[in-house]
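A.B. asks: Structure for this input, please:
(chains A and B)
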Amino acid sequence: MRRFEFLGRFSRNRGALVGACLILVVALMAVLASVFFPTDPLRIVGQPELWPGEDPEFPLGTDSLGRDILAMIVHGARATLLIGLFASAVATLIGVGVGATAGYFGGWIDEIAMRAAELFQTIPNLIFVLTIVVILGSTLTNIVIAIGIVSWTPIARMTRAEFLSLRDREFVQACRSMGMGDFKIIVAEILPNALPPVIVLSSLVVAGAILFESAVSFLGLGDPNVASWGRLVGDGRQLIRSSWYICAIPGVAIMITVLCLNLVGDGLNDALNPKLRDR
Amino acid sequence: MAAPPLEVQDLRTTLFTRRGEMKAVDGLSLSVGAGETVALVGESGCGKSLSALSIMRLLPDPPARIVGGAVKLNGRDVIALPEDGMLDIRGREIGMIFQDPMSSLNPVATVEKQIVEVLMTHTELGRGQARARAHELLELVGMPDAARRLDAYPHQLSGGMCQRVVIAMAIACSPSVLIADEPTTALDVTVQAQVLALLKKLQADSGMAMIFITHDLGVVAETADRVVVMYAGRKVEEATVDDLFEAPLHPYTAGLIGATPTPGAERAARLADIPGMVPPLNALPQGCAFAPRCPRAMERCRTERPTLTAPAPGCLVACFAAEAG
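C.D. replies: A predicted model of the protein is given here:
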């Protein structure tokens, strides 16, 4: 019954619905990549620098080495989405952990946690990601971790704010009066109440993470074994003045995906955030 | 004779604020026997709720802290217990019901889940057994259509039904002491009566000791065996419920009773009120805290603080005027 309500509210936002459908297409592409293009997408298959439409065998053309751009886009969807999801998961885990602890306990724990968050926020995000990747090395895992480390602060602040307003509510007091421990109260009682805005923010962090990864890859610091969309843009960078489509196609893919993720986030906000409900 | 389930001795709770230390509970002693109901009465700000929270060790710290006294639960002093030990006691030996049932329940969890959580905190029951027990508990507290209500969320229930769920949770582990902090204030009068009857019935079945915090003297007359009247953090009078209503000793108690409308009394007569307000805790007068508002205040009341005396067995009063007779 509740789930039904949620879907109804979500789909009332047209943009969110379109976004969700497109994300679904991208996700399908990612899942079925090996079905459509069973061979390694980084293999050279044709003449280099074929423009889209020039050869019906390669509908989106080939890059400077003669690799099929469509195959690379489809396979890249997998890498890009995974990076986005895992980075967001890392950020959410850190953010909710820190924010919940800070908001629930308050006092000096809160002070320390929030000062730490501010410290992270003062460092320009992209430079921070690049620094971590350069220090740890350009593997997929390290990039995910680096993006997670950079992106947790807004989630922590949001979670903390929710916990601050929830921790003094009577039902929390009631739980204490029934002998529940702090951990149980945080996880089982307050967190479910605090989660809706956090979910919205996490969905936006996915979009942000994709952009970060693209930037890192564009600068040539991405994982060399993974053909993410950012890497494709980066690879095409030298030819941007003659064969600009090599950059543009993965660029458009990134743009559409990020836009759709933002639309979905917006829709989730409408569906989950009680303060904006029925406006 | 066995020790009473709850014995509070000289409990002192102080609020440490920027404007100084305020003695919110100042030397409160009371004891509640098995199956007995003691009402804690007083105006807002008299320290009733803080006394209850002190007993539960649930004070917001900072600013409030227990600075002295003992709270003996079934003979064991819980003031000195570490927080871990207290977790084990809350809900199992002592339960509490709060004022607003609607906000005492987690808005995003079903009734069943909330009761099951409590059961699983304190008992070894498996999830399936806990569910069955939750159903039993709902029937025990007279929830209409209990089986169906298990899956309901709090917002789908009425205030009275919510309070039944809260009561079910509080008694889930059969505590020997139950503190009810204005459990009926937020409810309709008709529902109030039902909830009071329910609490009485549960107490008769289990023999638990009950502390009933209220400012509604009608509720007191209906439920309590003994009454403790508090003013500005101190106990000013204690008596059995019959004695209290028949012959209140403290002028404050008399004022409270006088300020309660009685059916049948002449309409035209204005309700007697107690002039003034409860003094702020950081600006208590030197003598008796009630002296500035007291119709019987004497010179001595303004300079010297009266202590509790027992003019007759079973009752206590802190008032020079009452002593003088």
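A.B. asks: Nearest the middle, which residue of the chain would you pick?
C.D. replies: Unless you meant another one, I'm taking chain A. Centre of chain A computed as the mean C-alpha position; nearest residue by Cα atoms, centre = their mean is A:Val206, 1.1 Å away.
A.B. asks: Actually, chain B is the one I wanted.
C.D. replies: Nearest to the mean C-alpha position of chain B, by Cα atoms, centre = their mean, lies B:Ile213 at 2.7 Å.
A.B. asks: how much space between B:Gly218 and B:Ala247?
C.D. replies: Going from B:Gly218 to B:Ala247 by Cβ to Cβ, to the nearest Å gives 19 Å. Yep, even glycine has a C-beta here, placed from its N, CA and C like the rest.
A.B. asks: Looking at those two, which one has more neighbours?
C.D. replies: Shown here are B:Gly218 and B:Ala247; by other Cβ atoms under 10 Å in any protein chain shown, B:Gly218 has more neighbours (15 against 12).
A.B. asks: Could you measure from the more buried one over to chain A?
C.D. replies: 24 Å (Cβ to the nearest Cβ, to the nearest Å).
A.B. asks: which residue sits closest to that residue, ignoring its sequence neighbours?
C.D. replies: Closest residue to B:Gly218 apart from its sequence neighbours, by Cβ to Cβ, 6 or more residues apart in numbering or on different chains: B:Thr260 at 7.0 Å.
A.B. asks: Mind pulling up the pLDDT for that neighbour?
C.D. replies: At B:Thr260, the model reports a pLDDT of 81.
A.B. asks: did I read that right, it in a strand?
C.D. replies: No: counting by DSSP: H, G, I helix; E, B strand; the rest coil, B:Thr260 is not part of a strand but coil.
A.B. asks: Wait, it touches B:Leu217, no?
C.D. replies: Yes: in terms of Cβ atoms under 8 Å, B:Thr260 counts as a neighbour of B:Leu217; the distance is 4.8 Å.
A.B. asks: who's more crowded, those two?
C.D. replies: Between B:Thr260 and B:Leu217, B:Leu217 has the larger neighbour count (other Cβ under 10 Å), namely 20 against 15.
A.B. asks: Show me which residues of the stretch 101-250 of chain A are close to chain B?
C.D. replies: A:168-171, A:173-181, A:184, A:188-189, A:192-193 (Cβ under 8 Å from any Cβ of the partner chain).
A.B. asks: Make a PyMOL selection of whichever of these turn out to be buried.
C.D. replies: Buried subset of these, written as a PyMOL selection, criterion 16 or more other Cβ atoms under 10 Å in any protein chain shown:
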select buried, chain A and resi 169+170+171+173+174+175+176+177+178+179+180+188+189+193
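A.B. asks: And the helices in the stretch 201-325 of chain B, which stretches?
C.D. replies: Using DSSP state H, counting those that start in this stretch, the helices of the stretch 201-325 of chain B run over B:217-223, B:241-246, B:251-258, B:299-303, B:320-324.
A.B. asks: and the first one, which residues are buried?
C.D. replies: For helix B:217-223, the neighbour count (16+ other Cβ under 10 Å) marks B:Leu217, B:Val219, B:Val220, B:Ala221, B:Glu222, B:Thr223 as buried.
A.B. asks: now stretch A:235-242
C.D. replies: Residues A:Asp235, A:Gly236, A:Leu239 are the ones in stretch A:235-242 that count as buried (16+ other Cβ under 10 Å).
A.B. asks: want to throw these into CSV with pLDDT, distance to B:Leu308 and secondary structure?
C.D. replies: Output for the buried residues of stretch A:235-242, formatted as CSV (pLDDT from 0 to 100; distance: Cβ to Cβ, whole Å; DSSP: H, G, I helix; E, B strand; the rest coil):
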residue, pLDDT, distance to B:Leu308, secondary structure
A:Asp235, 83, 88, helix
A:Gly236, 82, 89, helix
A:Leu239, 82, 94, helix
